[in-house]
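Chemist: Mind folding the following:
(2 chains)
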2 protein chains.
Amino acid sequence: MKTDIDALMEVGQLDALWVMGRAQHNPAMVYLTGGGHLTNADLIKPRGQTATLFHAPMERDEAAKTGLKTRNYASYPMGELIRAANGDLFQAGVLRYQRMLQDAGVASGRVALYGKIEFGPAFDAINALARIMPDLELVGYQKQDVLAAAMMTKDAAEIERIRQMGKLTTHVVGRTADYLTGHTVKNAMLVKPDGKPLTIADVKSQINLWLAEGGAENPEGTIFAIGRDAGVPHSSGNPGDFLRLGQTIVFDIFPCEMGGGYYYDFTRTWCLGYAQDEVLSLYEQVKSVYQKVIDSLEVGASYKESQMLTCHLFQAMGHPTALEAPETDQGYVHSVGHGLGLKVHERPFSGATAPAEDLLVPGVVGTIEPGLYYPERGMGVRLEDTFVVHADGKFEIPAPYPMDLVLPVRQ
Amino acid sequence: MKTDIDALMEVGQLDALWVMGRAQHNPAMVYLTGGGHLTNADLIKPRGQTATLFHAPMERDEAAKTGLKTRNYASYPMGELIRAANGDLFQAGVLRYQRMLQDAGVASGRVALYGKIEFGPAFDAINALARIMPDLELVGYQKQDVLAAAMMTKDAAEIERIRQMGKLTTHVVGRTADYLTGHTVKNAMLVKPDGKPLTIADVKSQINLWLAEGGAENPEGTIFAIGRDAGVPHSSGNPGDFLRLGQTIVFDIFPCEMGGGYYYDFTRTWCLGYAQDEVLSLYEQVKSVYQKVIDSLEVGASYKESQMLTCHLFQAMGHPTALEAPETDQGYVHSVGHGLGLKVHERPFSGATAPAEDLLVPGVVGTIEPGLYYPERGMGVRLEDTFVVHADGKFEIPAPYPMDLVLPVRQ
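Modeler: Below you'll find the model as predicted:
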């Protein structure tokens, strides 16, 4: 949680955090500012002290709304800096960074770097800054990333925002189901009133509309993949594909609050009209594994245990898994879940390389999403819910939704 | 244009481009892949050769859609790399980068780095890579950024996409005007059917809905600022503010194609019901400067000349400007325009520090957006259109829209 940051910085031997970039769709900056229309900013937080937010002159009102200490870039006039840098515009920017750090009280020590930004220019600028501030250690990669560790557990306000996003998500999923079943069938596919086949592009544009209506954004897109594409976990679906009866549809939806806020993550697998025995069997297996893994969740346990259990269960059913065949693209090919918050994938992780500290402690919000994929047989099944771990040991699914495989259609 | 990239690389003495990150909302990656649901990828393009796209196993279908050479990350098994790195996960990632570069035929030479990504981990990884590949020069900042220079001029297909985004933008602006004037007035402000005042948050949620309906995204948010906020160019507007008659509303809208594609950029200033003489005078001044600057545009001219002209015109009217009072926050406080494409602000630029090469050549798409700001007097006016420079010397405004200041309301 945010209140853990100073303690985590102490453990990580960091003297300051430095976040670059804008305050939308930039998780570290959204986390520490609360978001807003800041198109370019620097936030410098020394350990044990309030952060200073450096902002563009035109964005002073937005900066003030954050409640942080603010400082206008205009206090570092570029004309003067360019003169100090003998006319070198790049070096003038580096000098500005130096003065900002000094003004924030960070002239030496270990500083962790954050921000989702254009990599190139910052890469050279930070390396150049390191050369003129030799007492500063500018740290990119941290084995135990301090902000990621803080973000791994959510406070009540964050959980409530994720819950609201969950309610909107399942509302949109319900509207999508109604929209599909509201169409008529011709030649074993859904058709529009004009007789033309409904396409995945049509469905996705409705989904985006309903998400916007609910005040959400969909910056990562939606997975709505049918048939063989459903058998490739991250295939987002071919826009021109038709909605054919009896094919598996993997519908994975992960919107966030407007401006790049908190995410939700949810998947159902549907068949229109009917499901073949082979599909039904795959679905029943995934559903039973989903239920066993959900039932096995325990506060304080390692998230990896859920992945091990999932692999063992699928192995026992005769499927290849990520455990004994890490390179397989058939069977169970991913990890069973991941944390989510201001990123759709964040700590805790459950895969083989997840940190040992990734435990299901109170405040964790994550997913359980077992799946089976057989692209060459033209099918895939995944079922996913987001859960919240509560201090009383309960695992809450903030937005429950039926798991039915078959959506009835009007023949 | 894209076809200029190899020639620009030669001038910039670059042997390869390396783009990191996802293929949505990541301009360099969208530019070179065409976009798509690639959540994590590396694109390496040696000069004079096709790019290789390195992708996650689950995203092989999306990668194939780009038409580039593709290579699966699974060809670099992490288990083996971790052993080669003596168990160091971070160093294993660095070794993977080394092998990828070698496989793309880039073992030495100057490589420019691109991608909108989390800065920290990549910063350390690239520095570590530089240490184990001493024949490689990894370049972040380029004085004449090759991709930015290529992107500065658009081909016909890109211009058409921007034009379509323009048509959607002005369509949404028209719906917004109708929506506002469709409300009734009580206590000199717009009210909803239930008698409660209409708020900026209400207006913005409608705007997002209409943009989603049109297949657009609004990742940078909308500026819809009234009264004093309209006098602060980048204030996005206070969500709870009411729509009071007679106040200036600066409405600056800059959506992009779904997934982080091409942008449009457009601003009008409105007063509901009536405008005070003081506001009307400010508006007439901005409009006359807008027209003079538009009339002065010449193919091949420096964009900076437009900024100089704007400053001179506003100075002659008695306003402080960015020219003689660079730190002013009253009067004319920004530059007159900027290029746009896959970024809402990109080359060419028109401000004091714009490169000398930023000329209004055919294929350029940019904005003209003079404005006057007097926050302490509670008002601001900006008028902005996007233009396209054509080879025949014509400047096209792809989506013209009336400039009226006053929107009539039902009393």
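Chemist: tell me the SS of A:Y373?
Modeler: Of the three states, A:Y373 takes strand under DSSP: H, G, I helix; E, B strand; the rest coil.
Chemist: and it, bridged to which residues?
Modeler: With DSSP bridges as the criterion, A:Y373 is bridged to A:G331, A:G380.
Chemist: can you tell me how far it sits from B:H390?
Modeler: Using Cβ to Cβ, to the nearest Å, one gets 49 Å for the distance from A:Y373 to B:H390. (Glycine included, C-beta is placed from N, CA and C.)
Chemist: of these two, who's got more company?
Modeler: Neighbours around A:Y373 and B:H390, counted as other Cβ atoms under 10 Å in any protein chain shown, are more numerous at A:Y373. The numbers are 28 against 14.
Chemist: I'd guessed the more buried one sits against A:D329; true?
Modeler: Yes. Look at A:Y373 against A:D329 with Cβ atoms under 8 Å: they come within range, at 7.3 Å.
Chemist: quick one, helices of the stretch 101-250 of chain A?
Modeler: Along the stretch 101-250 of chain A, counting by DSSP state H, counting those that start in this stretch, helices occupy A:119-132, A:146-151, A:156-181, A:200-213.
Chemist: residues contacting the residue lying closest to A:G34 once chain neighbours are set aside?
Modeler: Spatial nearest neighbour of A:G34, chain neighbours left out: A:T66 (5.8 Å); criterion: Cβ to Cβ, 6 or more residues apart in numbering or on different chains. Contacts for A:T66 (Cβ atoms under 8 Å, 6 or more residues apart in numbering or on different chains) come out as A:A23, A:T33, A:G34, A:G36, A:L53.
Chemist: give me that answer again for 10 Å
Modeler: A:T66 makes contact with A:23, A:29, A:32-36, A:38, A:41, A:43, A:51, A:53, A:55 under the criterion Cβ atoms under 10 Å, 6 or more residues apart in numbering or on different chains.
Chemist: Now for A:Y373 and A:D329: what residues contact both?
Modeler: Taking Cβ under 10 Å, 6+ apart as the contact definition, A:Y373 and A:D329 share the neighbouring residues A:G231, A:V232, A:P233, A:P320, B:M58.
Chemist: For the fourth one, list the residues it contacts.
Modeler: Contact analysis of A:P320 by Cβ under 10 Å, 6+ apart lists A:C311, A:F314, A:P326, A:E327, A:T328, A:D329, A:Q330, A:G331, A:Y332, A:V333, A:L372, A:Y373.
Chemist: pLDDT score for the third one?
Modeler: Looking at A:P326, its pLDDT stands at 78.
Chemist: quick one: it and B:G79 touch, right?
Modeler: Yes. In this structure, A:P326 is within contact of B:G79 by Cβ atoms under 10 Å, at 7.0 Å.
Chemist: quick one: low-confidence ranges for the stretch 151-300 of chain A?
Modeler: The stretch 151-300 of chain A contains no residues with pLDDT under 70.
Chemist: Tell me how chain A divides into domains.
Modeler: Chain A breaks down into these structural domains: A:2-149, A:152-407 (assignment by automatic domain parsing).
Chemist: From the chain's centroid, how far away is the longest one?
Modeler: Same thing as domain A:152-407. On the basis of Cα atoms, centre = their mean, to the nearest Å, domain A:152-407 is displaced by 13 Å from the centre of the chain it belongs to.
Chemist: Between the two ends of it, what distance do you get?
Modeler: For domain A:152-407, the separation between the terminal residues is 36 Å (Cα to Cα, to the nearest Å).
Chemist: Equivalent analysis for stretch A:395-411, please.
Modeler: Using Cα to Cα, the span of stretch A:395-411 from its first residue to its last is 41 Å.
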